[in-house]
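**Student:** Pasting the sequence and the predicted coordinates here, then a few questions.
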Amino acid sequence: MKDTQKRKTTSSDRTLWFPGIACIACCAVPLAGIFLGSAAIAGLAFYSEKAAVFLLSVGVAVLLLKLLRHRSGPACKLNGSCASEKADTET
């Protein structure tokens, strides 16, 4: 007996194709969304890293500027009276 005879497709076989494809699409769409979402977050992180480096360098520059421009005022005693150094050495 040769295996040349094909099985006839019935209407129920043809009807089952649509739910099968719909099931695959239903599971594939959320997975595709997860992959695309994580790729988008990784892309944003790449640009955020550049912004973080820029903000860090601006912060360091502002800190150095403040340290360089810091002027010391007259020293005050613990009781709250402030005087110049010359007046403190004379007494």
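**Tutor:** It's in. Numbering: from 1, shown residues only.
**Student:** rest of the way, CA atoms for contacts and neighbours
**Tutor:** Fine.
**Student:** Low-confidence stretches in this structure?
**Tutor:** Low-confidence segments of the chain (pLDDT under 70): 1-5, 72-74, 83-91.
**Student:** how about the helices of it, start to end?
**Tutor:** With DSSP state H as the criterion, the chain has helices at 11-69, 85-90.
**Student:** Packed most tightly, which of these would that be?
**Tutor:** helix 11-69 (a mean of 11; mean count of other C-alpha atoms under 10 Å).
**Student:** Out of the helices of the chain, which gets nearest to L78?
**Tutor:** helix 85-90 (13.6 Å; C-alpha to C-alpha).
**Student:** hang on, the earlier thing: export the helices of the chain to a markdown table and tack on distance to N79?
**Tutor:** As requested, the helices of the chain are arranged in a markdown table below (distance: least, C-alpha to C-alpha, whole Å):
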| stretch | distance to N79 |
| --- | --- |
| helix 11-69 | 28 |
| helix 85-90 | 14 |
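**Student:** can you tell me which of these comes nearest to A75?
**Tutor:** helix 85-90 (7.9 Å).
**Student:** CA atoms of stretch 57-70 as CSV?
**Tutor:** Only the C-alpha atoms of stretch 57-70 are listed here, as CSV (Å, rounded to 0.1, in the frame of the first residue of the first chain):
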residue,chain,number,x,y,z
SER,A,57,30.9,67.9,35.9
VAL,A,58,28.8,71.0,36.4
GLY,A,59,28.4,70.2,40.1
VAL,A,60,32.1,69.7,40.5
ALA,A,61,32.8,73.0,38.7
VAL,A,62,30.3,74.9,41.0
LEU,A,63,31.9,73.3,44.1
LEU,A,64,35.4,74.3,43.0
LEU,A,65,34.2,77.8,42.2
LYS,A,66,32.6,78.1,45.7
LEU,A,67,35.8,76.8,47.4
LEU,A,68,38.0,79.2,45.4
ARG,A,69,35.8,82.2,46.1
HIS,A,70,35.3,81.5,49.8
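**Student:** now that stretch, how far from the centre of its chain.
**Tutor:** Distance, stretch centre to chain centre, for stretch 57-70: 27 Å (C-alpha atoms, centre = their mean, to the nearest Å).
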